[in-house]
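Undergrad: Below are the sequence and a predicted model for it; my questions follow.
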Amino acid sequence: MTLPAWTSARIAMSGLRAAIIGGLFIIVLLAAAVQTLRLEGLKVRPFKTTGWIEKARTYKSERDSERTAHRKTKDDYRTAQEKAQRLETARLERVRTQQEEITDAIQRNYRARLGKLDARAQRLRDELRARSQPDGSSADQRSTAVRSTTGRADAAPGDHRLPPYQGENTNAGSLDRSPQEQLERDIVATQQAIQLDALIDWVERQTAVDPNAEPD
């Protein structure tokens, strides 16, 4: 039995349409499979491919690790910088304290020496005034007593630079200066010597301070 031509044509068209649909379905399945492989990868021995999802996770993990390492480096640097700043502040404070202690000690010693010098200078002034006052027949006896007193005053604690005045001529001093003038010049010279001693001591002790020494 022969089918009409139009019926055969319809059947052929239906078959072609089914084939096209089937082909498209297969293409979609293949595309889905390829996309799945690209996303998920393939881990079937002996084949193994890494999918985009795993790669993305790996990249994200590496990026997070780098960020964490970078953040840790910054934190460590900041911590080290703060520690160094604290150590530097403590070092400067320690050096400043040592320098102030040295200055205070030298000032106390300087004032004490000047005080002793002033007291001794005043004793010598009083003795010179007493020797310069005439008192008739007892002048020689008083002069002898003053010389003895002067000797004892010079032997008392004081600055060794201030020279003694024992038995000087009350009318003339060295280089045509009176004993009073010579005494005042010697007092000034002694004051300057004490100042120089204090300055030298201060410089030596300040120089001896080690700014990099470890704290006790």
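TA: Sure thing, it's come through. In this text the structure is predicted, and so the values were computed from the model without any measurement.
Undergrad: mind listing the strands in the chain by residue range?
TA: Using DSSP state E, the strands found in the chain span residues 41-44, 47-50.
Undergrad: weakest of those strands in terms of mean pLDDT?
TA: Mean pLDDT is lowest for strand 41-44 out of the strands of the chain, coming in at a mean of 60.
Undergrad: Just give me the neighbour total for residue 17.
TA: 10 (other CB atoms under 10 Å). No exception for glycine: its C-beta is placed from N, CA and C like everyone else's.
Undergrad: do the same with residue 114
TA: 16.
Undergrad: Also residue 187?
TA: 20.
Undergrad: Please determine how far the nearest residue to it once chain neighbours are set aside is located from residue 115.
TA: What sits nearest to residue 187 in space, not counting adjacent residues and going by CB to CB, 6 or more residues apart in numbering, is residue 121, at 4.7 Å. Remark: distance between residue 121 and residue 115 (CB to CB, to the nearest Å) = 11 Å.
Undergrad: higher neighbour count, these two?
TA: Neighbour totals were compared for residue 121 and residue 115, and residue 121 leads with 20 against 10 (other CB under 10 Å).
Undergrad: all helices for the chain, in order.
TA: Per DSSP state H, the chain carries helices over the ranges 5-40, 52-132, 139-155, 179-207.
Undergrad: so can I have a markdown table of the ones you listed showing mean pLDDT and distance to residue 213?
TA: Converted to a markdown table, those look like this (pLDDT from 0 to 100; distance: least, CB to CB, whole Å):
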| stretch | mean pLDDT | distance to residue 213 |
| --- | --- | --- |
| helix 5-40 | 74 | 66 |
| helix 52-132 | 90 | 8 |
| helix 139-155 | 39 | 43 |
| helix 179-207 | 94 | 14 |
